[in-house]
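K.L.:
Curious how this folds, go ahead:
(2 chains)
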Amino acid sequence: MNLKQEVYNVLKQLKDYGELDNLVIDSIDASKGDFCLPCFSLAKIMRKSPMMIADDIANSLNINGTTIEKIESVAGYVNFFLNKAKISESVLNNFNISRNQPNGKVVCIDYCSVNLAKYMHIGHLKNSFLGESLARLFENFGYKVVRINYIGDYGTPYGKIIAGIQMWGNDDDINTRGIDALQEYYVKFCAAEAEDENLQQLARDLSKKIEDKDSEIYPIYQKVIEIARKEAERLLDILGLHFDSWKGEASYANDVNKVVDMLDQKGLISISQGATIVDLSKFDMPPCLVKRSDGASIYASRDIAAAIDRYNDYKFDKMLYLTAVEQKLHFAQFFKVLELAGMPFSSGLEHISYGRFSLPNGKISSRRGKQAVLVDLIDYVLDKANDVIKNRTFNIENPKDVALKVAKGVLSFNALNIERNKDAIFDIERAFSFEGETAPYMQYTYTRVMSILRKAQGLNLDNIISDYSCLDQIQAFELIKMCCNLNNTLKLALDKRDPSIVLKYCMEMCKTLNKYYTVCKILDDNLPQVKAKLQLICLVKNVLSVAFNIICLETMEEM
RNA sequence: GUGUCAAUAGCUCAGCUGGAUAGAGCAUCGCCCUUCUAAGGCGAGGGCCGGGGGUUCGAAUCCCUCUUGACACACCA
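P.N.:
As a prediction, the model looks like this:
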C-alpha cells in the first residue's frame, strides 16, 4: 500500500501544473502534515513565487469525499494531512501481507565460502548473514534461490596440514580433538616452515599428491576435509544457515585445461611470462591469469569453470557472488572474460562486495589471535545471553531456547546493521550489548506485543465494532504509515542488495511501537477502541515477522 | 604511481536518486516500575556534516579539487 497515492488522487484535479506526483515527499514532522509538495521548482516555469503557487494549489483542491483531511500552504510548501481514522480503518482491513508469487526466475547465491583449512571467523559472519538475507529477499519477491557454499578445499594449506599431521599428529588426537587438532598442526607447521625451505617443498609435494589422488595421502586429505566440513556445518546449523550445494574448488581444479581450450578457441588466450592469460588492456584492466606458469589452476580459471558448471546445473538468471571488497578486480576480470567468451549467462553475474570488519586494536587474523574465531564468538554471546536471562525478574519458560535466539539475533544483527559497503569496527563488548539499538531490543519489543495479545485473548470482542478514531494518536498513525512502507522497503533493499535497509526499518518500527504502548494503554475499558488498537498491533506484529525473517532475526513469545 | 571506496556528536553509526530547525544508540547527568515484561520510557548537554571551490531558489546529499584512511593493481583466494 502506498499512502502517497491518496495525495496523487487529489492532485489529479489540477490541470495546469503538469506532472506533480514525483514532487510529493514525506513531511518533515507531523505538524507539517503527512506529505508535502515543495513548489520551488515550479516557480521558474510558472513565473510566480513558490508561496503564491502553494497558495493557489492549496485553495483550488477540493478534498470533499477524499482521505485528505486538511491542506495548508506554508512557506512554499503544500502540506497534506491525511484523515487518520479513515486511513487506519482502510489499512487495517485491507492490508495484504502475503509474499510475491513465484516469478520463474532462478538466482544462485555464492556465499559463506568456508575455507576448510582454517577456523571460521568473524568475516564469515558478515558474509553468511548477508548472503542468507539476500537469499530471503529474493525469495520474498518470487525468485527460486540456490544457496551455494563454494568451499575452499584445495591448495597448499592442505599439504601443510597433512605435513603437520605426519610430523606431530596421530589418529586418536585427530578423532578426539577434531578441528582444533588440525588447526594446531597447521599453525605449528606454518611457524616451522618459515625457517625451513625444505618444509615448504614438503607441503607443495603433499598438495601435489592430493591432486594426484595418491593412495596414501589422499585418504588423509579426505579425512581432514570431512572433519573440517562437519565442524563448519555444525556452526552454520547453530546460526540457522543451510546450503543447497557444497561443491568446492577442488571439483574444478582439473577443468583448467578445458577452460583454457575453450578460451583459446575464441581467440582470447595469450602467453605472458610463462603464464596463460586473457589480455584485458582494451578494458583498462590488468590481464586475467587463467593458468600458472607451472601449469596449475588458479582461482580465475576455477571460478570460470564453476560458473559454467552452475549454469548447466541450474540455468540461473542471476548469480551473485558475495565476497569482501578486495576481490572486486578479480570478479570484474573473470566476468569480462566470460562476456568476451560469449557466455549467455555472463550478464547475470554480479559481485556483491562488502566492507570489512576490523577489530578496535588492529586487523583480524584467522591464523593467530583467536579473538575473532567464530566458535568463540558464538560461545561468548551464548554465555552472555544465558547470564542475562538468569538474572531477569521476568519468569521465562524456555530460557535455553530464548538464550539461543537472542544470541543468534545478536550475531546476525552485527553482520547486517551497517551499510553493506562500509568497513566497520567490531568491538565485541559494544557489539554484543543487549541494550539500546540492538537485536534483543527488537525481539523484546515483539514479545511485549505478544504478551498484550495473549492477555487480550480473555476479552470477548466478537460483537464489538472497532472505533478507529483512537488511532489518530501520533505513534499509532506512524505505525500505520510504516506498515504501508513494508513492500517499498523490501524492494529498495533488494535493488540495492543491502539488508541493512530492512534492519533500519525494523528498528524504527520497534522504537515507535515501544513508545506507543508506553504512552497508550492498549487494554483499557473502551472495547471498541481496544479492538482497533489490537488490530493495529496485530498488523505491526505480522509486518515485523516478515521483516525480521528477512534479517534472520527470530521471534519468541516471551523473553 | 593508477584505480575503487570511505570521512557526519567523545565513541559506533543513520540520513546521501537535492527540500522546511542535521538524527539515533552508546557513554555522561537527571527523572519514571501498586497499572499490558525496566532487555523499557522521558529529559539534558554534546555538531565549521574532513578543507576549499562550483551547480541550484535550496547542498551533509550532485560536480571538481585537496587532505586523510582502507583496499586492489600476474602466478594466494
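
K.L.:
can you pull out the strands in the stretch 401-550 of chain A?
P.N.:
Taking DSSP state E, counting those that start in this stretch, the strands of the stretch 401-550 of chain A run over residues A:424-425.

K.L.:
Model confidence for the residue in it that RNA strand B sits nearest to, exactly?
P.N.:
Residue of the stretch 401-550 of chain A nearest RNA strand B, by C-beta to the nearest atom of the strand: residue A:436 (2.4 Å). Using the backbone N, CA and C atoms, a C-beta is placed for each residue, glycine as well. Among the per-residue scores, residue A:436 holds a pLDDT of 95.

K.L.:
what does the one 3 residues further on give?
P.N.:
Note for residue A:439: predicted pLDDT of 97.

K.L.:
My guess is it contacts residue A:553. True?
P.N.:
Yes - with contact defined as C-beta atoms under 8 Å, residue A:439 counts as touching residue A:553 (6.0 Å).

K.L.:
shared neighbours of these two, which are they?
P.N.:
Common neighbours of residue A:439 and residue A:553 (criterion: C-beta atoms under 8 Å, 6 or more residues apart in numbering): A:409, A:412, A:413.

K.L.:
Tell me the spacing between the residue of the stretch 401-550 of chain A closest to RNA strand B and residue A:414.
P.N.:
With the distance defined as C-beta to C-beta, to the nearest Å, residue A:436 ends up 13 Å from residue A:414.

K.L.:
who has more neighbours, those two?
P.N.:
Taking neighbours as other C-beta atoms under 10 Å, residue A:436 and residue A:414 compare with residue A:414 leading, 24 against 8.

K.L.:
Up against RNA strand B, what does the stretch 151-300 of chain A have?
P.N.:
Residues of the stretch 151-300 of chain A lying close to RNA strand B (C-beta under 7 Å from any atom of the strand) are A:152, A:154-155, A:249, A:272-275, A:277, A:286-287, A:289, A:292-294, A:296, A:298-299.

K.L.:
Can you flag the buried ones in the residues you listed?
P.N.:
Listed as buried from these are A:152, A:154, A:155, A:249, A:275, A:277, A:287, A:289, A:298, A:299; burial here means 16 or more other C-beta atoms under 10 Å.

K.L.:
With only the CA atoms kept, save the host helix or strand of residue A:134 in PDB.
P.N.:
Secondary structure from DSSP states H and E places residue A:134 in helix A:122-140. What follows is helix A:122-140, C-alpha atoms only, in PDB (Å, rounded to 0.1, in the frame of the first residue of the first chain):
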ATOM      1  CA  ILE A 122      34.100 -13.100  12.000                       C
ATOM      2  CA  GLY A 123      34.300 -12.400   8.300                       C
ATOM      3  CA  HIS A 124      32.100 -15.500   7.700                       C
ATOM      4  CA  LEU A 125      29.500 -14.000  10.000                       C
ATOM      5  CA  LYS A 126      29.100 -10.900   7.800                       C
ATOM      6  CA  ASN A 127      29.300 -12.900   4.500                       C
ATOM      7  CA  SER A 128      26.900 -15.600   5.600                       C
ATOM      8  CA  PHE A 129      24.200 -13.500   7.000                       C
ATOM      9  CA  LEU A 130      24.400 -11.000   4.200                       C
ATOM     10  CA  GLY A 131      24.100 -13.900   1.700                       C
ATOM     11  CA  GLU A 132      21.200 -15.500   3.600                       C
ATOM     12  CA  SER A 133      19.400 -12.200   4.000                       C
ATOM     13  CA  LEU A 134      19.700 -11.500   0.300                       C
ATOM     14  CA  ALA A 135      18.500 -15.100  -0.400                       C
ATOM     15  CA  ARG A 136      15.400 -14.400   1.700                       C
ATOM     16  CA  LEU A 137      14.800 -11.100   0.000                       C
ATOM     17  CA  PHE A 138      14.900 -12.700  -3.500                       C
ATOM     18  CA  GLU A 139      12.600 -15.500  -2.300                       C
ATOM     19  CA  ASN A 140      10.200 -12.800  -1.000                       C
END
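
K.L.:
Pull the distance from that helix to the chain's centre.
P.N.:
Distance of helix A:122-140 from the chain centroid (C-alpha atoms, centre = their mean, to the nearest Å) equals 4 Å.

K.L.:
swap in stretch A:387-397?
P.N.:
Distance of stretch A:387-397 from the chain centroid (C-alpha atoms, centre = their mean) equals 30 Å.

K.L.:
State the number of residues packed around the closest residue to residue A:465 other than its chain neighbours.
P.N.:
Closest residue in space to residue A:465, ignoring its immediate chain neighbours: residue A:528 at 6.0 Å, by C-beta to C-beta, 6 or more residues apart in numbering. The burial count assigned to residue A:528 is 15, neighbours taken as other C-beta under 10 Å.

K.L.:
The one 5 residues further on too?
P.N.:
Burial of residue A:533, expressed as a neighbour count using other C-beta under 10 Å, amounts to 27.

K.L.:
And residue A:41, by the same measure?
P.N.:
Residue A:41 has 10 neighbours, counted by other C-beta under 10 Å.

K.L.:
quick one: contacts for it?
P.N.:
Taking C-beta under 8 Å, 6+ apart as the criterion, residue A:41 is in contact with residue A:23.

K.L.:
Go through the strand or helix carrying it and flag the buried ones.
P.N.:
Assigned by DSSP H and E, residue A:41 belongs to helix A:40-46. In terms of neighbour count (16+ other C-beta under 10 Å), helix A:40-46 has its buried residues at A:42, A:43.

K.L.:
Also stretch A:385-401?
P.N.:
Buried residues in stretch A:385-401 (16+ other C-beta under 10 Å): A:385, A:386, A:388, A:389, A:396.

K.L.:
Keep those residues, but drop any that are not near RNA strand B.
P.N.:
By C-beta under 7 Å from any atom of the strand, the members of the buried residues of stretch A:385-401 lying near RNA strand B are A:385, A:388, A:389.

K.L.:
before we move on, which element is the last one in?
P.N.:
Under the criterion DSSP H and E, the helix or strand holding residue A:389 is helix A:374-390.

K.L.:
what distance separates the helix or strand bottoming out on mean pLDDT in chain A from the centre of its chain?
P.N.:
For chain A, using mean pLDDT, DSSP states H and E, the weakest element among its helices and strands is strand A:357-358, scoring a mean of 80. In terms of C-alpha atoms, centre = their mean, the centre of strand A:357-358 is set 17 Å apart from its chain centre.

K.L.:
How about it and RNA strand B, any contact?
P.N.:
No - against RNA strand B, strand A:357-358 shows no contacts by C-beta under 7 Å from any atom of the strand, the least distance being 7.7 Å.

K.L.:
strand partners of that strand, parallel vs antiparallel please.
P.N.:
Using DSSP bridges, the strands paired with strand A:357-358 are strand A:424-425 (parallel).

K.L.:
CA atoms only for stretch A:189-196, dumped as CSV, please.
P.N.:
Written as CSV, here are the backbone C-alpha positions of stretch A:189-196 (Å, rounded to 0.1, in the frame of the first residue of the first chain):
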residue,chain,number,x,y,z
PHE,A,189,53.7,-26.1,10.6
CYS,A,190,53.4,-22.6,9.3
ALA,A,191,55.7,-21.4,12.0
ALA,A,192,58.2,-24.2,11.3
GLU,A,193,58.3,-23.7,7.5
ALA,A,194,59.0,-20.0,7.9
GLU,A,195,62.5,-21.1,8.9
ASP,A,196,63.0,-24.2,6.8
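
K.L.:
For that stretch, list every residue counted as buried.
P.N.:
Quick answer for stretch A:189-196 (16+ other C-beta under 10 Å): A:189, A:190, A:192, A:193.

K.L.:
Ok, stretch A:473-492 next?
P.N.:
For stretch A:473-492, by 16+ other C-beta under 10 Å, it's A:473, A:475-487, A:489-490.

K.L.:
Please see if that stretch touches RNA strand B.
P.N.:
Yes - counting by C-beta under 7 Å from any atom of the strand, RNA strand B is contacted by stretch A:473-492 at residue A:492.

K.L.:
chain center to that stretch: distance?
P.N.:
Distance of stretch A:473-492 from its chain centroid, counting by C-alpha atoms, centre = their mean, is 21 Å.
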